[in-house]
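Asker: Structure, please.
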Amino acid sequence: MPRKRNAHRSPDMPTLADVARLAGVSEITASRVVRAQGPIADSTRARVLTAIAELGYIPNRAAGTLASAGSTLMSVLLPSLSNIVFPDVLRGIHTALTETAFQPVIGVTDYDPLIEERILVSFLAWQPAAVIVAGLHHTPTARRHLEHGRFRVAELMDIDGEPVDIAVGMSHRQAGYETGKHLVQRGYRRFGYARHNVTTDDRASARYEGLCSALQEAGLSLVAEHCYPDASSTKAGRDALAILLAAHPDLDVVVFPNDDMAMGGIFHCMYAGIAVKEKLGIFGFNGLDIGQAMPMPLSTILSKRFLIGKTAAEKLLESRERPAEKTIINTGFDIIEGATA
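Answerer: Modelled structure (predicted):
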């Protein structure tokens, strides 16, 4: 006799009974592990958690409430809220949802795919109508949940890859390539690169690869680069440029992975008496307002962050059902010539 399944679950979604069967325990024991209630032997808990991970089981904490009425939650997972880039994305999402019944629930991943996975699994227990995540790269477990869930998915910022459902953003590799091409056309030949230590920032890596590709086409390459050991910040940019120039004072332009670090580079130039643009070009990424408010506006790439968030949320609102065809929306980017390179 076929077993009964939760009416709100997809037919191919694993149930608690599946978890219990794989772990070799009763459903009551499996439920106690899921709810973290009562004393459970460590070995039993380990078997149940292993079965949960293997099956991709998600407990339905919204059963009979949100799920029965149609969830109005939209889970949003962003790498950071201290970086002004992502609050701009969030403003776009909020603007699209303001006149609707939907409410965003925010999680911050700190650019860590394992943290993203953990928050995602936690959010999915509440049966959201849609999930918004940054980037196209996730852990295998997170990817499996996104692919097989009964909810819409929008992956933001990046379009260089295969989306689960909707991808909204720009080609970061192309942005890096256009940066290199632009600077070569302006006469720069001795390139430096000052970056931060976030190995999981795939978008920064893609821009770096695009930059190197453009230089190679021009018969050039990076003369020097320096990796600041901590996260991105204005101080990181200032210190990274100081170290880079101490070893290679003949550089004529330095590219930074974002405007925060590029601004730090400008501050170092001010301190060291280096004439920006005349002696050393400085180029960033993102097009932040603070960079454009400087006496010498920062030369950079404008990423359309508000538009990305707004477009993604609006697209998710079009239908609760995930269409067969995947959607890629290129919001593009603009080169801001500025006055620093």
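
Asker: What residues does residue 211 make contact with?
Answerer: 176, 177, 179, 180, 191, 193, 222, 255 (C-beta atoms under 8 Å, 6 or more residues apart in numbering). Just so you know, the C-beta spots here come from the backbone N, C-alpha and C atoms, and that holds for glycine as well.

Asker: now the helices for the chain?
Answerer: Secondary structure of the chain (DSSP state H): helices at 16-23, 27-35, 42-55, 66-69, 85-97, 113-124, 140-148, 172-185, 202-217, 234-247, 259-272, 289-292, 305-317.

Asker: Remind me what the fifth one packs against, helices and strands.
Answerer: In this structure, helix 85-97 makes packing contacts with strand 73-78, strand 103-108, strand 130-134, helix 305-317, judged by 3 or more C-beta pairs under 8 Å, 6 or more residues apart in numbering; DSSP states H and E.

Asker: Out of these, which is closest to residue 296?
Answerer: The stretch from the helices and strands packed on helix 85-97 with the least distance to residue 296 (C-beta to C-beta) is helix 305-317; that distance is 23.1 Å.

Asker: For that closest one, buried residues please.
Answerer: 305-317 (16 or more other C-beta atoms under 10 Å).

Asker: one step back: including distance to residue 49 and mean pLDDT, could the helices and strands packed on helix 85-97 go into CSV?
Answerer: Putting those into CSV (distance: least, C-beta to C-beta, whole Å; pLDDT from 0 to 100) gives the following:
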stretch, distance to residue 49, mean pLDDT
strand 73-78, 22, 93
strand 103-108, 21, 92
strand 130-134, 22, 95
helix 305-317, 31, 95
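
Asker: Of all those, which one comes closest to residue 227?
Answerer: strand 130-134 (22.0 Å).

Asker: Sheet-wise, list the partners of that closest one with their directions.
Answerer: strand 73-78 (parallel), strand 152-158 (parallel) (DSSP bridges).

Asker: chain center to that strand: distance?
Answerer: In terms of C-alpha atoms, centre = their mean, to the nearest Å, the centre of strand 130-134 is found 10 Å from the chain centre.

Asker: Give me the angle between it and helix 140-148.
Answerer: 140 degrees (axes from the mean of the first three to the mean of the last three C-alpha atoms, to 10 degrees).

Asker: Look up how far residue 153 lies from the closest residue to residue 234 other than its chain neighbours.
Answerer: Closest residue to residue 234 in three dimensions, ignoring its sequence neighbours and counting by C-beta to C-beta, 6 or more residues apart in numbering: residue 264, at 4.1 Å. Relative to residue 153, residue 264 is positioned 35 Å away (C-beta to C-beta, to the nearest Å).

Asker: and those two? which has more neighbours close in?
Answerer: residue 264 (26 against 22; other C-beta atoms under 10 Å).

Asker: Would you mind measuring from residue 112 to residue 279?
Answerer: For residue 112, the distance to residue 279 - C-beta to C-beta - is 39 Å.

Asker: These two: which is more packed in?
Answerer: Set residue 112 next to residue 279 and count neighbours by other C-beta under 10 Å: residue 112 wins out with 15 against 12.

Asker: Domains in this structure, by residue range?
Answerer: Following automatic domain parsing, the chain resolves into domains at 16-55, 66-170+305-333, 172-303.

Asker: Among those, which comes closest to residue 340?
Answerer: Comparing the domains of the chain by C-beta to C-beta, domain 172-303 comes nearest, at 4.4 Å.

Asker: End to end on that closest one, go ahead and measure it.
Answerer: End-to-end distance for domain 172-303: 10 Å, by C-alpha to C-alpha, to the nearest Å.

Asker: What's the mean pLDDT across that domain?
Answerer: The average pLDDT for domain 172-303 rounds to 94.

Asker: check contacts around residue 260.
Answerer: Residue 260 sits in contact with 83, 232, 233, 234, 236, 237, 288, where contact means C-beta under 8 Å, 6+ apart.

Asker: go again using 6 Å as the cut-off
Answerer: Residue 260 is in contact with 232, 234, counting by C-beta atoms under 6 Å, 6 or more residues apart in numbering.

Asker: mind listing what residue 107 touches?
Answerer: Counting by C-beta under 6 Å, 6+ apart, residue 107 makes contact with 77, 119.

Asker: let's see it at 8 Å
Answerer: 75, 76, 77, 78, 116, 119, 120, 122, 123.

Asker: Who does it form a beta bridge with?
Answerer: Bridge pairing for residue 107 - DSSP bridges - gives residue 77.

Asker: separation between it and residue 305?
Answerer: Taking C-beta to C-beta, one finds residue 107 at 18 Å from residue 305.

Asker: Could I get the domains of the chain in JSON lines, plus columns for distance to residue 340?
Answerer: Converted to JSON lines, those look like this (distance: least, C-beta to C-beta, whole Å):
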{"stretch": "domain 16-55", "distance to residue 340": "49"}
{"stretch": "domain 66-170+305-333", "distance to residue 340": "18"}
{"stretch": "domain 172-303", "distance to residue 340": "4"}
